[in-house]
Each structure stands twice: as structure tokens, then as C-alpha cells.
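> This is the structure alone, sequence omitted:
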Ligand SMILES: Nc1ncnc2c1ncn2[C@@H]1O[C@H](COP(=O)(O)OP(=O)(O)OP(=O)(O)O)[C@@H](O)[C@H]1O
Ligand SMILES: [Mg+2]
């Protein structure tokens with residue numbers, strides 16, 4: 001795993017990982033770059049490691065152990081309670097892969113989740129314009145051959 005590369009105004013962070021365990025570790029580091037409230041689109045092809053990254057975020061927040069974080073493919077939203085820099089945080093992990101319309105998305109009540117203490121991470125969030133508009137950042141995971149992945153985190157502000 002490489003260290004984050006400081007880029008334009010410090011808002012872009014890049015990591016390269018070689019295994020799932022590496023990506024969990026990136027998730028742990030990344031958690032400390034996130035200041036609630038955040039709505040992050042988590043994008044990347046099927047099976048690139050999006051859920052794996054969230055395992056690290058949850059672990060860093062003392063919200064859940066990696067094996068307790070599973071894909072919200074069918075349940076759509078998983079909620080965890082944690083702390084970040086001594087403050088309470090709510091981690092909401094969503095997967096909207098199976099949702100087909102903005103109307104279906106509305107039933108999730110995304111706006112209600114986005115409280116001041118919330119970190120909302122949405123796998124496949126880029127599919128929906130309403131999510132892209134509200135997003136405060138994006139995490140993109142791209143395959144880089146074999147088990148290697150390039151993870152690019154862009155935080156707005
Ligand atoms: N460098 C890597 N980073 C992340 N996962 C990796 C890496 N190398 C191998 N893997 C494996 O790839 C799989 C990624 O699965 P994961 O469920 O995290 O993907 P996902 O992007 O959430 O998929 P989906 O689109 O189906 O939700 C895991 O089994 C993980 O161990
Ligand atoms: Mg997933």
C-alpha cells in the first residue's frame with residue numbers, strides 16, 4: 001500500500017492496494033479524513049472492493065469489526081454507531097445497485113439520514129442524479145490488474 005499523495009488543495013487522496021486486507025487498511029486511514037456530515041458516492045465495477053473498504057471505515061470508527069460489515073445489497077442500508085475524534089458518528093452504508101428509479105430511491109429517505117453526525121457511503125450512488133448532486137465527495141476504486149486496485153478519494157469543500 002502506498003501513502004496518500006497530496007494533490008490539488010489537499011482534497012484528492014490516492015492509494016494503491018494489492019489485497020483486500022490492504023483496502024481495509026485504506027478504509028481505516030480514510031475514516032480520519034472524513035468530517036461529518038458527508039455523503040460519499042462509492043463507485044467501482046462489481047467486486048472491486050467497495051464493501052471491503054467500508055469494513056475499514058467501520059473499524060476505524062469502532063463501529064463494527066470487518067466481518068460484521070456485509071453488503072447491504074438486499075437490505076439497502078446498514079447503520080452503525082461509532083466515534084470519530086471523540087465525537088459520536090453514525091455510519092450509513094448503502095448499496096443502490098438494485099434500485100432502478102429516483103422514485104424507488106426516495107423510499108430510502110436519504111435526506112433524513114444526512115444528519116450532522118452522519119457519514120453516508122453509497123455504493124453505486126453515481127447511478128442517481130439526486131445523489132450526485134448532494135454528494136460531498138467520491139471514492140472511486142479501479143482495478144489495476146490482478147488484485148491491485150487504485151483508490152481515488154475526492155472530497156469537496
Ligand atoms: N486490492 C483489493 N481490494 C479490495 N478487495 C480485493 C482486493 N484484492 C482482492 N479483493 C477481493 O475482492 C472482493 C471484493 O468484494 P467486495 O464485496 O468488497 O466488492 P464490491 O465492490 O463491494 O462488490 P459489489 O459491486 O458486488 O457490491 C473481496 O473478496 C476481496 O477480498
Ligand atoms: Mg459491495
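Happy to help now that I have it. Because the structure is a prediction, the values reported are computed rather than measured. Ligands and ions are numbered 1, 2, ... in the order given.

> Now do the SS call for the most far-flung residue of the chain relative to its centre.
The centre of the chain is farthest from one residue, residue 103, which by C-alpha atoms, centre = their mean lies 22.8 Å away. Following DSSP: H, G, I helix; E, B strand; the rest coil, residue 103 is assigned to helix.

> per-residue confidence at it?
pLDDT, residue 103: 95.

> Around ligand 1, pick out the residues from the chain.
17-20, 22-23, 44, 46-52, 71, 95, 123, 147, 149 (C-beta under 6 Å from any ligand atom). C-betas here are computed from N, CA, C, even on glycine.

> which ones among those residues are found in helices?
Judged by DSSP state H, helices contain the following of those: 20, 22, 23, 50, 51, 52.

> Neighbours of the last one, how many?
Right, residue 52. Per other C-beta atoms under 10 Å, the neighbour tally for residue 52 reads 23.

> check which helix or strand covers the closest residue in space to residue 39 that isn't next to it in sequence.
Distances taken as C-beta to C-beta, 6 or more residues apart in numbering place residue 120 nearest to residue 39, at 4.7 Å, with adjacent residues excluded. Here residue 120 is covered by strand 118-123, with elements defined by DSSP states H and E.

> Please report how far residue 122 lies from ligand 2.
Per C-beta to the ion, to the nearest Å, residue 122 is found 11 Å from ligand 2.

> so what's residue 134 up against?
Residue 134 makes contact with 39, 110, 111, 114 under the criterion C-beta atoms under 8 Å, 6 or more residues apart in numbering.

> now do residue 23
17, 49, 52, 53, 56, 141, 149, 151.

> next one: residue 92
Neighbouring residues of residue 92 by C-beta under 8 Å, 6+ apart: 77, 78, 79, 80, 113, 118, 119, 120, 121.

> pLDDT wise, what is residue 9 at?
pLDDT for residue 9: 46.

> Report the residue spans of this structure with pLDDT below the cut-off.
In the predicted model, the chain carries pLDDT under 70 at residues 1-10.

> at 90 instead, please
1-10, 73-75, 156-157 (pLDDT under 90).

> Check it and tell me which residue is nearest its centre.
Closest residue to the average C-alpha location of the chain: residue 121 at 4.0 Å, with C-alpha atoms, centre = their mean.
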